[in-house]
Each structure stands twice: as C-alpha cells, then as structure tokens.
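In: below is the sequence, then the predicted model.
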Amino acid sequence: MQAILIANPKGGSGKSTLAVNVAAYLAANGEHVALLDMDRQQSSRFWLEQRPAELPMIWPLNKDHSKRPKCDHLVIDSAASLHGKNLERAIKLASKILVPISPSMFDMHASQEFLRVLSEEKALRKGRVQIGVVGMRMSARTRSAATLERFLAELDVPVLAYLREAQVYVNSIADGKSIFDLPPHTTARERAQWQTLQLWLE
Ligand SMILES: Nc1ncnc2c1ncn2[C@@H]1O[C@H](COP(=O)(O)OP(=O)(O)O)[C@@H](O)[C@H]1O
Ligand SMILES: [Mg+2]
C-alpha cells in the first residue's frame, strides 16, 4: 500500500481540499483507497460521511483504527499542527508527501521553512520518500506562481500542479464529492491542471 501524506503546517493551505480530491481521483480510477484524517477538525472525515453511496468507495480510517481494509492507497489528511514526533511518525508511514501551498506570501514563507525541515528528514535524504508541491488557488504563469517558484528555487522540490481557485472545488466538497465525481465537461479546466500530479501519483 502506498501512503500519500498531505501536509503543511499552515491552516487553510488546502490540505483537506487536496486530500479528498486525490483520494477521489484514485478511487475513480478503480483503485482501492483509504482516507485517514489526522486533523482534529475532521474535515475530510466529515466529507466522507457526506459522500453518496453510489460514488467510488473510499474507506474511512480513523487514527485509532488498526483494522484496515486491504487498500492500494492510503491518503492522509494532516493537521496544521503536524510537527516534531507526529511529523516523524507520519513521514515513516508515507511514501509520498504532497505539500499544498496557498498564494499568500506568509504561507509561502512558512511553507519554505516546512519544506526545509522535511528535506532534512532521513527518509527524504535517502530518497525513500518523494515530495512535491501543489500551488493551491493559483494558476500557472501568474505572479503568485512566479513568487512560489522563487521560494522553491533553492529547495529542489517540484511543483506538480497549480490548481486554480474555482467554486467547483468548494461546491463538490459540500456534497461529499470531488471534481472527479462530476461530469468531465463541467470540470475540464480543473482536470487539465491535474495531469502532471496524476502521473506522479501513479
Ligand atoms: N482550488 C481551490 N478553489 C477554491 N477554493 C479553494 C481551493 N483550494 C482550497 N480552497 C478553499 O480554501 C479554504 C482552505 O482549504 P482547506 O482544504 O480547508 O485547507 P486546510 O485543510 O489546509 O486547512 C477552504 O475554504 C477551501 O474551500
Ligand atoms: Mg483541513
């Protein structure tokens, strides 16, 4: 089982939005997917409870649940406070880490620091864990994207996607869905932005 950790110490960076869309994308591809919500706010767990039964199944896993269904992927939505021992534990579980970053300068600055801490972890230095950034609520070739790339310049971490700000992310989540559960023609622009990230996930 491949575990994908979604992490950023900043609240509101887009962790839960990314986590549920990654989980639903993999499930839509016929993969067996579990979702672990480590955040006390339980956003993605709540989302899963709203999820219509006829959509591709995603298995809920809570923190103290040791009985896991056999899954191909485990998506981990983490808390803003993830650091220290808990961060180390989460990294041990993960084979991939996705860091969503929102367009504010403050967030980019804090995320840069987080990426530095991550890159010093043994598992990352040894190349056991892959790491990638997702620019949230921003489009490629914008000022925000250029600023983010400047922040990442010395870190050797790829930007796997820029996901533009779109109401369809907000509305689909409110119904327990993702953009991948909506008719493709209504989400064509969003889906197009996922291509590189999808290759990285597989
Ligand atoms: N691409 C996007 N388009 C529109 N709204 C977004 C997008 N990504 C995130 N958001 C919104 O930003 C806010 C924070 O996102 P969230 O996923 O809850 O972050 P976190 O889990 O890191 O706290 C939410 O209101 C969410 O709906
Ligand atoms: Mg969250």
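Out: Alright, I've got the coordinates. Ligands and ions are numbered 1, 2, ... in the order given.
In: so the residue nearest to Ile101 when sequence neighbours are not counted is in which element?
Out: Spatial nearest neighbour of Ile101, excluding adjacent residues (Cβ to Cβ, 6 or more residues apart in numbering): Ser111 at 4.6 Å. C-beta here means a position set from N, CA and C on the backbone, and glycine is covered the same way. Using DSSP states H and E, Ser111 sits in helix 105-119.
In: cool, and Ala161?
Out: strand 159-163.
In: what residues does that strand touch?
Out: Contact partners of strand 159-163, identified using Cβ atoms under 8 Å, 6 or more residues apart in numbering, comprise 14, 18, 98, 132-140, 145, 148-149, 152, 169, 190, 193-197, 200.
In: do that again at 6 Å, thanks
Out: 132-136, 138-140, 145, 193-194, 196-197, 200 (Cβ atoms under 6 Å, 6 or more residues apart in numbering).
In: list the strands paired with it, with their directions.
Out: For strand 159-163, the paired strands and their directions (DSSP bridges) read strand 130-136 (parallel).
In: need the residues of the protein near ligand 1, please.
Out: Contact residues, the chain versus ligand 1 (Cβ under 6 Å from any ligand atom): 11-17, 43, 136-137, 163, 165-166, 169-170.
In: what about the residue nearest to Thr147 when sequence neighbours are not counted, neighbour count?
Out: Among residues not flanking Thr147 along the chain, Met108 sits closest, at 6.4 Å (Cβ to Cβ, 6+ apart). Counted with other Cβ atoms under 10 Å, residues neighbouring Met108 total 21.
In: in contact with the closest residue to ligand 2 within the chain, which residues?
Out: In the chain, the residue that lies nearest ligand 2 is Ser16 (3.3 Å; Cβ to the ion). Residues in contact with Ser16, defined by Cβ under 6 Å, 6+ apart, are Ser43, Ser44, Asp77.
In: which SSE is the second one in?
Out: If you go by DSSP H and E, Ser44 is part of helix 43-50.
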